[in-house]
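**Q** after the sequence you'll find the predicted model.
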Amino acid sequence: MAAGAAALTALIVLALALFSPRTDTSSLSPPQFADATAPPGAVSGVVTATVETEPVPHPSDAADDVAIWVHPTDPSLSTVLGTDKLDGGGLGVYDLAGQQLFFYFDGNLNNVDVRYNFPLGDARVSLVAVTNRADPPSLIFYRVNVNDRSLSKAGEVLLVASGVEEPRGLALYHSAVSGEYYAFVTDFGTNIVYQFELDGASGSVTARIVRSFDPGTMSEGLVADDGLARLYVSEEDVGIWRYGAEPGEGDTRALVDGVISEGGHLTPSIKGTALYYRSDGEGYLIAASEGAGNFLVYDRVENSFLGNFEIRAGNGVDNVNGQDGIDVMNLPLGDGFTRGMFVTQDHVNTDAGNGNSGNQNYKYVPWQAIANDFDPPLTIDALFDRRTIGAPGAP
Ligand code: CA
Ligand code: CA
Ligand code: CA
């Protein structure tokens, strides 16, 4: 038993020595991904969450994806939207203390995203979109009611006629080129990625397919960069692909990073991605590497690999592993997140001291904890305001 434990410890030490980017890598084989080479100083960071949400309604693998909504006048009233994808599931609205404000039992809601200034009838609203993998599958849209932070249905688009069998991944995109809003959706049934153009003119959101392409194998995680007109697709067992986000872009793509066995940094399954925007046009792409229980950080523009971090137990909140959807926000949100926040799904919710355990939930990490764990530190940008994207008069 003791010998086994010693051997295991030795193996872990060896693994750490082999895979830590701090190790001198000159004796290892050269990476096959030129874009993904870790620069000197890239770290394997360890951070702790400070807040976890109330558990989602259903046991087992129910929680899936998150999106941060920023309140227009009082950032401390911002919310986190999180899904429960099982039968009878839906979408929860959580405050910055992790308390559930509302829960909408509207279907097997899988992935969620937010954009601001969406034209809905005569109004400009915060638009929330979710994939519903129930039978029949659909896209469900909500608007955020700023007065009490609740959601109201703003349309549902049935997908059967579009050939979408099981919608899972979802990313909203606002085009600075056309001013249009789009939803990208991945289909677990066919592995196809669809781009829908959204129209809220009638007061209820409608959607029509303007593009589709086939990444190859199972894909879910999606995020769109509104500033650089890019779409990132996580092909779960292969890598993260970068496509153009405009509807005329076709299926031209570049590999951002691949799996470790192919010379990259990712450990399947490759899940959610999120973008940290900076006011200088730079920022970070973050990806959930589910198999390793860690998060990889890339330069937003060049997509070069900067390092990774994991979330261990601390502050009464349990560690994160087997994670799925993520989101990140640079804006100061107040109440413990004055320098922004990172949010992730967690596969197993145990009690690490604060009494919160049971069904899966979502963990919040102050952005500065992550930023300052890198060497050199990642930037903390309090200025770039996502709420300006799509605003009247803005590009
Ligand atoms: Ca998922
Ligand atoms: Ca956990
Ligand atoms: Ca917990």
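**A** In hand now; what should we look at? Ligands and ions are numbered 1, 2, ... in the order given.

**Q** residues in contact with the closest residue in space to residue 340 that isn't next to it in sequence?
**A** In space, and not counting its chain neighbours, residue 340 is closest to residue 367: 3.5 Å by Cβ to Cβ, 6 or more residues apart in numbering. Every residue, glycine included, has its C-beta placed from N, CA and C. Counting by Cβ atoms under 8 Å, 6 or more residues apart in numbering, residue 367 makes contact with 276, 328, 329, 330, 337, 339, 340, 341, 342, 380.

**Q** the fifth one against residue 368, yeah?
**A** No. In this structure, residue 337 is not within contact of residue 368 by Cβ atoms under 8 Å, at 9.3 Å.

**Q** ok, and the closest residue to ligand 1 within the stretch 151-300 of the chain, which helix or strand is that part of?
**A** Nearest residue of the stretch 151-300 of the chain to ligand 1: residue 220, at 5.2 Å (Cβ to the ion). Here residue 220, judged by DSSP states H and E, is contained in strand 219-225.

**Q** also residue 256?
**A** Going by DSSP H and E, residue 256 is in strand 253-258.

**Q** can you spell out which helices and strands pack onto that strand?
**A** strand 239-244, strand 294-299 (3 or more Cβ pairs under 8 Å, 6 or more residues apart in numbering; DSSP states H and E).

**Q** which strands and helices lie in contact with the first one?
**A** Applying 3+ Cβ pairs under 8 Å, 6+ apart, one finds that strand 239-244 contacts strand 230-235, strand 253-258, strand 270-277.

**Q** now that strand against strand 253-258, angle please.
**A** 150 degrees (axes from the mean of the first three to the mean of the last three Cα atoms, to 10 degrees).

**Q** strand 239-244 pairs with which strands?
**A** Applying DSSP bridges, strand 239-244 is found paired with strand 230-235 (antiparallel), strand 253-258 (antiparallel).

**Q** using CSV, write out every CA atom in whichever strand or helix holds residue 82.
**A** In this assignment (DSSP H and E), residue 82 forms part of strand 79-84. In CSV, the C-alpha atoms belonging to strand 79-84 read as follows (Å, rounded to 0.1, in the frame of the first residue of the first chain):
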residue,chain,number,x,y,z
THR,A,79,-26.2,38.4,-13.0
VAL,A,80,-24.9,35.0,-14.1
LEU,A,81,-27.2,33.0,-16.3
GLY,A,82,-26.7,29.2,-16.0
THR,A,83,-28.5,26.3,-17.6
ASP,A,84,-29.9,22.9,-16.4
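
**Q** isn't residue 324 up against residue 272?
**A** Yes. In this structure, residue 324 is within contact of residue 272 by Cβ under 8 Å, at 5.9 Å.

**Q** overlap in contacts, these two.
**A** Counting by Cβ under 8 Å, 6+ apart, the residues touching both residue 324 and residue 272 are 65, 288, 344, 345.

**Q** re earlier: how about the nearest residue to the residue of the stretch 151-300 of the chain closest to ligand 1 once chain neighbours are set aside, secondary structure?
**A** Of all residues not flanking residue 220 in the chain, residue 169 sits nearest, at 4.1 Å (Cβ to Cβ, 6+ apart). Following DSSP: H, G, I helix; E, B strand; the rest coil, the label given to residue 169 is strand.
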